[in-house]
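Student: sequence plus the predicted model coming up.
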Amino acid sequence: MNKQKDASIPTIPTKARLSRWFGRNLIRIYAVFGFTYLFIPVLYTFAFSFNDSGKSNLIWKGFTLNNWKNPCGAPEVCSALGNSIKIGLLATTFSTILGTMIAFAIGRYAFKGRSTSNLLIFLPMATPEIVLGASLLSLFLVFHINPGFWPTVIAHVMFCISFVVVTVKARIASLDPRLEQAAMDLYANELETFRRVTLPLVAPGIAGAALLAFSLSFDDFIITNFNSGTLTTFPKFVYVSAARGIPAQANVIGSGMFILALLIVIAGQFVGRKVKVSK
Amino acid sequence: MSNALSKVKMPYLLLMPGFIFLFTFFILPIVNLAQTSTQTPIVGGDTGQYEQTLHFANYLNAFTENKEQFARSFVFALCATVLALAIAYPLAYAIAFKAGKLKNLLLVLVVAPFFVSFLLRTIAWKQILGEEGFVIPTLRNLGIISQSTTLTSTSFAVVMGMTYNFLPFMTLPLYASLERIDPRTMEASGDLYANGITTFRKVTLPLSMPGVVAGTLLTFIPAAGDYVNAAILGSPNTKMIGNVIESRYFKIVDYPTAAALSFTLMAAILILVTIYIRKAGTEELV
């Protein structure tokens, strides 16, 4: 009632003020909804990692810390996690090395066949995962190589390379060429310039690419499913156990990885800032 | 002289190991796949034994048998891409221009759900939207949906799951291209009496097109070949081409049909992508 009176005096009416505030913050409100959508299943997974559920984690039965105290409590879950980490680390190492070399070649040199090279890097990204997985499996079968650990590593390196190249290439393209020229002006030879100027400047891009490669490899299911044979990775474990109920330990591991990744990224940001300040 | 020569050789030396790898484990398998796609079963052979007979009718048969699943894959992928763009664009815009100090943190939060396995998150959606979840009873009590309506095992659930899973792939390239825009170009547009909408239409959107193209491709391509969302959130009535290829491979051991389907899918995607990139007029990605 009070507001009705206020509106009669010549100030901005509440309704207009409200709609103006709304207009100005619309995009922020929208972003909040976007993040809510992104995080609903994450929160659900986290919440149900505390569920005192027994074998199948479908209905909330009560709060417990037992799953977190004993993350390997469910059969196979930790060996699957171990396989995923091993495959992820190997795939990350190889794809980061090979991809970074390609990125330097494409990003730094003008040479015959450069556009063909770009196309070869783009093609694996434009091929659906199921085709990549199926075609690689057919090749392994032709050569009588049984699907398993190493075929899976090879498959992961194959689809990670392109993402590494694109990430590192973007970083190389954003470098200021004058920094390298300055190093040369100060009598650094090519190798020294590369080691002391170029590489440190590109390093954050390489680190980002490695992180991306690891997360792609760790989370991959489709290509892995084709090439892993009887080997169980974490995503495969989740998929297979979905039919009979996923143990809460899987939620613990999913949530744990999430927290770990957040910590790594935040620590990385912190280190990055310190380096910048000390310069 | 030797220096100049090594300069010429250098890019090839850098490319070689990676390209040998890609040739062996990407190109060769695709060629082999093409070869498998025209094989037929060996007469009197075991299941899973095939011989090369250049039987191109495999393609026709595979396609006519699975027309419906093909169409559904592309329609679902298109819906998911459009929805993801509608959600991701404002999100990326807010992070690039309105987040201030929170920018980096918010960017990390976009990628963070990746680390909870996407299968766990998809299954979480299944349970949230399922009979035991909290969404269905609430909507029923409010009378928004009837007692018999379900959310899981529907096309809606599959498209929603795909939109959700590929959202970061859409948001990141969008953010990257929006972030590069000099805010002064938008101010200049305002100075020239353009209102917010005109500025967006004539300045911001065209400048962010490389991100739109990259994001839509990174969403559409995996979505068209996806079978996990359809397997978890869908029903036999929402099968996509990925589900057919998967079952041909593992359950029926019909490699030629699976290969023909894979090849058709890949060709269809490549054609669409090429037309799209031409139309959108950006060479940045390739």
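Tutor: Cool, the structure landed.

Student: give the other helices and strands that the helix or strand containing B:Ala71 contacts.
Tutor: In the assignment (DSSP states H and E), B:Ala71 maps to helix B:67-93. Other elements packing on helix B:67-93 under the criterion 3 or more Cβ pairs under 8 Å, 6 or more residues apart in numbering or on different chains; DSSP states H and E are helix A:14-48, helix B:155-179, helix B:209-225, helix B:241-250, helix B:255-280. C-beta coordinates here come from the backbone N, C-alpha and C atoms, glycine included.

Student: taking the mean pLDDT, what do you get for it?
Tutor: Taken as a whole, helix B:67-93 has a mean pLDDT of 94.

Student: model confidence score at B:Leu129, please.
Tutor: The predicted structure scores B:Leu129 at 86 on the pLDDT scale.

Student: near it, how many other residues are there?
Tutor: Counted with other Cβ atoms under 10 Å in any protein chain shown, residues neighbouring B:Leu129 total 21.

Student: equivalent analysis for B:Thr24, please.
Tutor: Going by other Cβ under 10 Å, the residues that sit close to B:Thr24 add up to 13.

Student: against chain A, how distant is it?
Tutor: Between B:Thr24 and chain A the computed distance is 9 Å (Cβ to the nearest Cβ, to the nearest Å).

Student: A:Gly245 belongs to a helix, doesn't it?
Tutor: No: using DSSP: H, G, I helix; E, B strand; the rest coil, the secondary structure at A:Gly245 is coil, not a helix.

Student: so is the helix or strand that contains A:Leu263 next to chain B?
Tutor: Mapping A:Leu263 onto the secondary structure by DSSP H and E places it in helix A:248-278. Yes: for helix A:248-278 and chain B, the contact criterion (Cβ under 8 Å from any Cβ of the partner chain) is met by A:250-251, A:254-255, A:257-258, A:260-262, A:265-266, A:269.

Student: export the residues you listed as CSV, with columns for pLDDT.
Tutor: Converted to CSV, those look like this (pLDDT from 0 to 100):
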residue, pLDDT
A:Ala250, 87
A:Asn251, 88
A:Gly254, 89
A:Ser255, 92
A:Met257, 88
A:Phe258, 89
A:Leu260, 88
A:Ala261, 84
A:Leu262, 85
A:Val265, 78
A:Ile266, 79
A:Gln269, 73
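
Student: which of those are buried?
Tutor: By neighbour count, with 16 or more other Cβ atoms under 10 Å in any protein chain shown, the residues of helix A:248-278 next to chain B hold A:250-251, A:254-255, A:257-258, A:261-262, A:265 as buried.

Student: so B:Phe21 sits against A:Leu98, correct?
Tutor: Yes: proximity of B:Phe21 to A:Leu98 meets the contact threshold set by Cβ atoms under 8 Å, at 6.0 Å.

Student: neighbour-wise, which of the two wins?
Tutor: Residue environment comparison for B:Phe21 versus A:Leu98 gives the larger neighbour count to A:Leu98, 25 against 18, counting by other Cβ under 10 Å.

Student: and B:Thr152, how far from B:Thr53?
Tutor: 43 Å (Cβ to Cβ, to the nearest Å).

Student: these two: who's more crowded?
Tutor: Taking other Cβ under 10 Å, B:Thr152 and B:Thr53 do not tie; B:Thr152 has more neighbours (21 against 13).

Student: what does the pLDDT read for that one?
Tutor: Listed pLDDT for B:Thr152 reads 77.

Student: give me the element the closest residue in space to B:Leu14 that isn't next to it in sequence is part of.
Tutor: Counting by Cβ to Cβ, 6 or more residues apart in numbering or on different chains, A:Ala105 is the residue found nearest to B:Leu14 once chain neighbours are left out, at 3.8 Å. In this structure, A:Ala105 is located in helix A:77-108 according to DSSP H and E.

Student: before we move on, the earlier item: count the neighbours of the residue nearest to B:Leu14 for me.
Tutor: Neighbouring residues of A:Ala105 were enumerated by other Cβ under 10 Å; the total is 23.

Student: and it, what pLDDT?
Tutor: The predicted structure scores A:Ala105 at 92 on the pLDDT scale.

Student: test my guess that it contacts B:Pro11.
Tutor: Yes: in this structure A:Ala105 lies within contact range of B:Pro11 using Cβ under 8 Å: 4.1 Å.

Student: mutual contacts of those two, please.
Tutor: Between them, A:Ala105 and B:Pro11 share these contacting residues under Cβ atoms under 8 Å, 6 or more residues apart in numbering or on different chains: A:Phe111.

Student: could you export the helices and strands packed on helix B:67-93 as a markdown table, including mean pLDDT, distance to B:Val82 and mean neighbour count?
Tutor: Written out in a markdown table, the entries for the helices and strands packed on helix B:67-93 read as follows (pLDDT from 0 to 100; distance: least, Cβ to Cβ, whole Å; neighbours: other Cβ atoms under 10 Å in any protein chain shown):
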| stretch | mean pLDDT | distance to B:Val82 | mean neighbour count |
| --- | --- | --- | --- |
| helix A:14-48 | 85 | 15 | 15 |
| helix B:155-179 | 91 | 9 | 23 |
| helix B:209-225 | 90 | 9 | 24 |
| helix B:241-250 | 89 | 19 | 23 |
| helix B:255-280 | 88 | 13 | 19 |
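
Student: before I go, just wanted to say thanks for your time.
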